[in-house]
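> sequence and computational prediction follow.
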Amino acid sequence: MRCTHCGANIPEDQMICPECGAEVQIVPDYNPLDDVLAREVKGSVEGATRQIQTGDIRRARRGDVPGNANSTRVLSQGEMDRIREERRARMRRAGTADRQSGTGRNTGSVRRGSTGDTGSVKRGTGRMPTDQDERERRRQQQIKRREAAKRKRRNLLLVLFFLLVIIVAGVYVIYQNSYTGVVNRGYDALQSDDYTEAQNLFNRAINKDKSRSEAYTGLAQVYIDQNDLDSAENVFLDALVKQPSDIELYQAAIAFYVDTEQQSKISALLQDCEDDNVLKAVADYVSDAPEFSLEAGSYSEVQEVSLSSETGGTIYYTTDGTDPTESSTEYTEPVLLQNEGDTEIRAIAVNANGIPSVVASAKYTIEFPIADAPAVTPATGQYTEPTKITITVPEGYTAYYTMDGSTPTSDSEEYTGPIDMPQDTQTIFSAILVNNNNGKATDVTTRNYITRSE
């Protein structure tokens, strides 16, 4: 309902306006003056409309007609005030007597008036209700309503409390058996060094949701705490075999390698990943292996090999077949292959985050060609005139010779130009060619010269 004073809405369980504080009028206010005026008006009308009797006419002629008590006349202000005061005094006296006698008197009055007309009932009450009585009645009603509202709110709060307890208990039970709850219980067991219980709880969580990484991390931690890193690693590797596109699992496995200082295994883990979304998510840990500018194989000349990595970083390499580390030779310029034989280059790239790549390798064989035995002129024979001995030397070779029949080496006499053939003697001339790059010697060319003077 609305307040008649300010128009504000008043709740059903309140009897006072929350805005202006005015009391709610449940019944119309009673004004005793209205009854007085009504009776005066009624009497005036009845006197004016009464039938005139013969006796009244005679008395009027004699001049002794008494005034009509019910005749209509205008009351003065003083008379109106007096009537009001007398009426209020009677009502106060009647109200006091009524409160002293209790409700029994009113009941008895009603019983006595039950066989008569309704007027007897009105007379049996002894008084008309006053403003004070009405306010008291409304106050008592408001108190009862407030108490009823309090009881209602109290009962509602109790019901809500019990419902809340039931809901909290249900949520707790559900949480304890949920994935997160089981994982947390597993960590609690791990903190207590109850590894068996922790392992069972983490396995239970994995069975609930195989796509989430927390349980795998917890299970791996069980093995880590027992210094079993291989089993801890297998937890992630086995999971990734079944879920090769699970980003969270890859991230958890990488975190395991970092925590256990096994960064070198991260690249091997990611090398087998074919999911671009995974590789994008863990891009900071991707380190591509170095690439070789020269294909592995056999070559007959000196070669240079350049190394590069798509992910950048620093490249380290070895040429003795051992696996490189960050303590190996740092790549700064092409690797020169100038020695004949087999050479294996093995290299890694370390990215900006310190993650080493897998080892890349290439094997090279250098086989320099062997020239034919040197050409020596003149041919074997007997000569009577002075003659020059000449050796044909190809580019990249040096010729060596002997004239006593021994086999020449790189320590023998170096050929620098035509040689005079000895006179009046027999000479066994031998020559070889030595490769300037690899020091390899050709076969020996031998000539037998006999000279005679004429």
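Thanks, I have it.
> in the helix or strand harbouring L240, what's buried?
Using DSSP states H and E, L240 sits in helix 229-242. Along helix 229-242, these residues count as buried under the neighbour rule (16 or more other CB atoms under 10 Å): A232, E233, V235, F236, A239, L240. Any C-beta I mention is one placed from the backbone N, CA and C, and that applies to glycine too.
> show the subsequent helix or strand relative to that helix.
That would be, after helix 229-242 and using DSSP H and E, helix 247-259.
> what average pLDDT does stretch 254-270 get?
Mean pLDDT, computed over stretch 254-270, is 91.
> what does it contact?
With contacts defined as CB atoms under 8 Å, 6 or more residues apart in numbering, stretch 254-270 is touched by 217, 220, 224, 229, 232-233, 236-237, 240, 250, 253, 279, 282, 285-287, 289, 354-358.
> select only the buried ones of those residues in PyMOL?
The PyMOL selection below is limited to those of the contacts of stretch 254-270 classed as buried (16+ other CB under 10 Å):
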select buried, resi 217+220+224+232+233+236+240+250+253+282+285+286+287+289+355+356+357+358
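> show me where the stretch 351-454 of the chain has its strands.
360-366, 375-377, 381-383, 388-392, 397-402, 413-414, 419-420, 426-435, 445-451 (DSSP state E, counting those that start in this stretch).
> could you dump those to a markdown table with distance to K265 and mean neighbour count?
Listed next are those as a markdown table, based on distance: least, CB to CB, whole Å; neighbours: other CB atoms under 10 Å:
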| stretch | distance to K265 | mean neighbour count |
| --- | --- | --- |
| strand 360-366 | 16 | 18 |
| strand 375-377 | 61 | 15 |
| strand 381-383 | 75 | 11 |
| strand 388-392 | 61 | 16 |
| strand 397-402 | 52 | 19 |
| strand 413-414 | 58 | 12 |
| strand 419-420 | 68 | 14 |
| strand 426-435 | 46 | 20 |
| strand 445-451 | 60 | 17 |
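> how about these in CSV, adding distance to L164 and mean pLDDT?
Putting these into CSV (distance: least, CB to CB, whole Å; pLDDT from 0 to 100) gives the following:
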stretch, distance to L164, mean pLDDT
strand 360-366, 65, 94
strand 375-377, 111, 94
strand 381-383, 126, 91
strand 388-392, 110, 95
strand 397-402, 101, 95
strand 413-414, 108, 94
strand 419-420, 118, 93
strand 426-435, 96, 93
strand 445-451, 111, 93
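> on that earlier part again, okay if I get the buried residues of helix 229-242 as CSV plus distance to T332?
Output for the buried residues of helix 229-242, formatted as CSV (distance: CB to CB, whole Å):
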residue, distance to T332
A232, 39
E233, 35
V235, 41
F236, 37
A239, 41
L240, 37
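> just give me the closest of the residues you listed to Y383.
Of all the buried residues of helix 229-242, Y383 sits closest to E233, with 83.9 Å by CB to CB.
> quick check: nearest residue in space to that closest one, chain neighbours excluded?
F256 (7.1 Å; CB to CB, 6 or more residues apart in numbering).
> rewinding a little: averaged pLDDT, the helix holding L240. What do you get?
The average pLDDT within helix 229-242 is 90.
> that one: how far from the chain's middle?
25 Å (CA atoms, centre = their mean, to the nearest Å).
> what helices or strands is that helix leaning on?
On a contact count with 3 or more CB pairs under 8 Å, 6 or more residues apart in numbering; DSSP states H and E, helix 229-242 meets helix 214-225, helix 247-259, helix 264-271.
> the shortest one vs helix 247-259, what angle?
Using axes from the mean of the first three to the mean of the last three CA atoms, to 10 degrees, the inter-axis angle of helix 264-271 relative to helix 247-259 is 160 degrees.
> pull out the buried residues from helix 264-271.
For helix 264-271, a neighbour-count test (16+ other CB under 10 Å) marks S264, K265, I266, S267, L269, L270 as buried.
> on that earlier part again, could I get the strands of the stretch 351-454 of the chain in TSV, plus columns for distance to Y331?
TSV is the format used below for these (distance: least, CB to CB, whole Å):
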stretch	distance to Y331
strand 360-366	12
strand 375-377	45
strand 381-383	60
strand 388-392	43
strand 397-402	34
strand 413-414	40
strand 419-420	50
strand 426-435	30
strand 445-451	45
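> nearest to A347, out of those?
Closest to A347 of those, according to CB to CB: strand 360-366, at 5.4 Å.
> can I get the CA coordinates of that closest one in PDB?
Extracted as PDB, the C-alpha positions of strand 360-366 are listed here (Å, rounded to 0.1, in the frame of the first residue of the first chain):
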ATOM      1  CA  ALA A 360      73.700 -32.800 -36.000                       C
ATOM      2  CA  SER A 361      76.500 -34.500 -37.700                       C
ATOM      3  CA  ALA A 362      78.000 -35.100 -41.200                       C
ATOM      4  CA  LYS A 363      80.900 -37.300 -42.300                       C
ATOM      5  CA  TYR A 364      83.300 -36.300 -45.000                       C
ATOM      6  CA  THR A 365      86.100 -38.200 -46.800                       C
ATOM      7  CA  ILE A 366      88.900 -36.400 -48.600                       C
END
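> neighbouring strands of that strand in the sheet, and parallel or not?
strand 297-299 (parallel), strand 341-350 (antiparallel) (DSSP bridges).
> now distance to A399, mean pLDDT and mean neighbour count too, for the ones you listed, in TSV please.
As requested, the strands paired with strand 360-366 are arranged in TSV below (distance: least, CB to CB, whole Å; pLDDT from 0 to 100; neighbours: other CB atoms under 10 Å):
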stretch	distance to A399	mean pLDDT	mean neighbour count
strand 297-299	26	93	11
strand 341-350	25	94	21
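> take these and write them to CSV, including distance to A362.
Shown next, in CSV, are these (distance: least, CB to CB, whole Å):
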stretch, distance to A362
strand 297-299, 9
strand 341-350, 5
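> can you tell me the closest non-neighbouring residue to Q382?
Distance criterion CB to CB, 6+ apart; nearest residue to Q382, sequence neighbours excluded, is I450 at 4.3 Å.
> wait, doesn't that neighbour sit right on Q426?
Yes. The criterion here is CB atoms under 8 Å, and I450 meets it with Q426 at 4.9 Å.
> give me the beta-bridge partners of the residue nearest to T427 when sequence neighbours are not counted?
Leaving aside its sequence neighbours, T427 sits nearest to Y449 (CB to CB, 6+ apart; 4.5 Å). Beta-bridge partners recorded for Y449 (DSSP bridges): G381, T427.
> and stretch 139-152, average pLDDT?
89.
> quick one: it to chain centroid distance?
With CA atoms, centre = their mean, you get 52 Å for stretch 139-152.
> equivalent analysis for stretch 345-353, please.
33 Å.
> next one: stretch 364-378
For stretch 364-378, the distance to the chain centre is 72 Å (CA atoms, centre = their mean).
> first-to-last residue distance for that stretch?
Stretch 364-378 has an end-to-end distance of 42 Å (CA to CA, to the nearest Å).
> let the chain start at 617 from now.
Understood, numbering begins at 617; the last thing we discussed is stretch 980-994.
> run through the residues that contact R708.
The contact partners of R708, taken as CB under 8 Å, 6+ apart, are T746.
> what about it, which helix or strand?
Using DSSP H and E, R708 sits in helix 693-717.
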